[in-house]
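Peer 1: coords please:
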Amino acid sequence: MSRLGELTQKVDAFFARVAERHGTDMQCRAGCSDCCHVQLTITGVEAMAIRDLVAGWPAEQRRDLAGESDPNDREGTGLPARQPNAVPHVRSIDPGHGAEDHPPGRNRCAALDPSGRCKIYEARPLVCRSHGVPIRMRQGGLPVVQACHRNFTRITPDPDCVLDQTTLSAMLYAVDEAQARAAGLPGEPVEAAPEGPEAAGNSAEDPAVHAGLVPPGPRYQPGRRIELARLLADLAAI
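Peer 2: Numbers count the residues shown, from 1 in each chain. The predicted model follows:
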C-alpha cells in the first residue's frame with residue numbers, strides 16, 4: 001500500500017471512531033454537501049490517486065467530470081434545518097452560507113454531481129475525508145476547535161475525537177514530498193500549479209501522457225498545489 005493509502009486509512013479510521021462515539025450528534029450522510037462549497041487545491045500525490053481512479057473509468061463516465069450541476073440544489077437530503085452550534089468551545093463552520101455576494105456555483109466543488117454526491121469519492125482528497133469531525137486549528141495565534149454547523153450541537157466531542165489540522169497537513173506534505181523526491185522533483189510545495197506555456201515543459205515526453213492519463217500540456221507533479229477543477233476538466237477531455 002502507498003504512503004498516501006496508509007494516511008487515508010488512518011483518517012478514515014479516525015472519522016469512523018468519531019462517528020461511532022458521537023454518531024447521534026453527527027448529520028454526515030450521502031447527499032449532504034455543506035462542506036463541499038469550496039474551490040479546492042490538492043497535492044500532487046492526491047492528484048495521482050484521482051488520475052489512477054479515473055483511468056479505469058469508461059469514456060462516458062470520464063466526460064461527466066466536466067458536467068455542470070445546479071449549485072442551488074440542496075433539496076432531498078433529508079437533513080434538518082441549519083442551527084447554530086450551541087456546544088461550548090466548539091465553533092460552527094458553515095462554508096456553504098454567508099456567500100450571497102458570490103455568483104451561483106462559484107464556491108461549489110467541481111467534483112460534486114447535481115445530487116450533491118462526490119464523483120471521485122473513492123479517491124477524494126484528505127481534507128474531504130476529515131469533513132464532519134471536530135478540527136483543531138489556529139486562528140489569531142490561538143487554538144480553536146471547529147465543527148460543521150450541523151454536528152456537535154448538543155455535546156462536546158471527546159478530546160481524542162478532535163483532529164489536529166496542523167498535524168494532518170504536516171503528514172500529508174511529508175507524503176507528498178516523499179513522492180516528489182522519488183520522482184526527482186523539488187519536494188517543497190508551492191501555492192498553485194504553474195500556468196501558461198512555460199509550465200508545459202516536456203509534457204509530450206511524460207509517460208503519463210502516452211498512457212492516456214494526462215493530456216498534453218501543463219503537467220501535474222508531486223510537490224505542487226493543483227486546482228481540482230482544472231484537473232477534473234483535463235481528465236474529462238481524455
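
Peer 1: hmm, who's touching the longest helix along the chain?
Peer 2: Criterion DSSP state H: the longest helix present in the chain is helix 3-22. Residues from elsewhere that reach helix 3-22 (Cβ atoms under 8 Å, 6 or more residues apart in numbering): 1, 26, 28, 45-46, 49, 126, 129-130, 132-134, 152, 155, 157-158, 161, 163, 168, 171-172, 175, 178-179. For every residue, glycine as well, the C-beta is placed using N, CA and C.

Peer 1: PyMOL command to pick out the buried ones of those?
Peer 2: Here is the PyMOL selection string for the buried members of the contacts of helix 3-22, based on 16 or more other Cβ atoms under 10 Å:
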select buried, resi 26+28+45+46+49+126+129+130+132+133+134+152+157+161+163+168+171+172+175+178+179
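
Peer 1: taking the contacts of helix 3-22 one by one, which sit in strands?
Peer 2: Judged by DSSP state E, strands contain the following of those: residue 163.

Peer 1: average pLDDT across the longest helix of the chain?
Peer 2: In this model, helix 3-22 has an average pLDDT of 96.

Peer 1: what's the answer for stretch 39-51, then?
Peer 2: 94.

Peer 1: what's the answer for stretch 159-173, then?
Peer 2: 94.

Peer 1: on that earlier part again, list the buried ones in the longest helix of the chain?
Peer 2: By neighbour count with 16+ other Cβ under 10 Å, helix 3-22 contains the buried residues 3, 4, 7, 8, 11, 14, 15, 18, 19, 22.

Peer 1: looking at the contacts of helix 3-22, which are in helices?
Peer 2: The members of these that map onto helices under DSSP H are 45, 46, 49, 126, 129, 168, 171, 172, 175, 178, 179.

Peer 1: list the strands paired with the strand ranked longest in the chain, with their directions.
Peer 2: Identified as the longest strand of the chain according to DSSP E is strand 142-148. Within its sheet, strand 142-148 is paired with strand 90-93 (parallel), strand 135-139 (antiparallel), according to DSSP bridges.

Peer 1: Serialize the buried residues of helix 3-22 to a markdown table and add fields for distance to residue 115.
Peer 2: As requested, the buried residues of helix 3-22 are exported to a markdown table (distance: Cβ to Cβ, whole Å):
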| residue | distance to residue 115 |
| --- | --- |
| 3 | 33 |
| 4 | 28 |
| 7 | 29 |
| 8 | 24 |
| 11 | 24 |
| 14 | 27 |
| 15 | 22 |
| 18 | 25 |
| 19 | 22 |
| 22 | 26 |
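
Peer 1: re earlier: in the longest strand of the chain, what's buried?
Peer 2: Result for strand 142-148 [16+ other Cβ under 10 Å]: buried residues 145, 146, 147, 148.
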